[in-house]
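*Asks:* Return a 3D structure for these sequence lines:
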Amino acid sequence: PHPQPEREGMFHRGSGLNLTSGQYTAPIAGYYTFTATLHIVRRQQRRKGQPCRGNRLRVLICVQSYCQHNSNLETVSQLESASDLFTISVTGVLYLQAGQYASVFVDNAAGSPLIIQSGSDFSAILLGV
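*Replies:* Residues are numbered from 1 along each chain as shown. Next up is the predicted model:
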């Protein structure tokens, strides 16, 4: 669990973020800018001589968990074969109705287990209604 801010200020965490579920629920209908920055460690390196089954990683921010519809933000990254620690970000604007939620999804086609490191973040800011 992340500590709550001790006093209100520019970076006050609103009540819409649920740290247990990883979901941000819109308190009012409007346009929100979302950003997710994930620091990722690849647990196992591919053995030399082994065919590369895929090294693509998609990170999505989806509304109501519907990632296959147009209500999502997406970034795709090709993982460097020599790298085992990397950062991937996705950002953009989505419209949410009051009570709808957005959350981050990782589509791992890299063929290796991945671990999301501490220091990764997910934020939502209301731009306007």
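
*Asks:* Looking at residue 54 now. What's its pLDDT?
*Replies:* Note on residue 54: pLDDT of 61.

*Asks:* sorry, that was for residue 85
*Replies:* Residue 85 carries a pLDDT value of 84.

*Asks:* Phi first, then psi, for it.
*Replies:* The phi/psi pair for residue 85 (degrees, to the nearest 10) reads phi -140, psi 120.

*Asks:* wait, it sits on residue 43?
*Replies:* No: Residue 85 is beyond contact range of residue 43, at 11.0 Å (criterion: CB atoms under 8 Å). To be clear about C-beta, it is placed using only N, CA and C from the backbone, and glycine gets the same treatment.

*Asks:* My guess is residue 41 contacts residue 119. True?
*Replies:* No: the pair residue 41 / residue 119 is not scored as a contact, 11.4 Å apart, by CB under 8 Å.

*Asks:* more crowded one of these two?
*Replies:* Neighbour count, other CB atoms under 10 Å: between residue 41 and residue 119, residue 41 has more, with 14 against 9.

*Asks:* what's that one in contact with, if anything?
*Replies:* Residues near residue 41 by CB atoms under 8 Å, 6 or more residues apart in numbering: 84, 85, 114, 115, 117.

*Asks:* can you check residue 93 too?
*Replies:* Residue 93 touches 31, 32, 33, 34, 127, counting by CB under 8 Å, 6+ apart.
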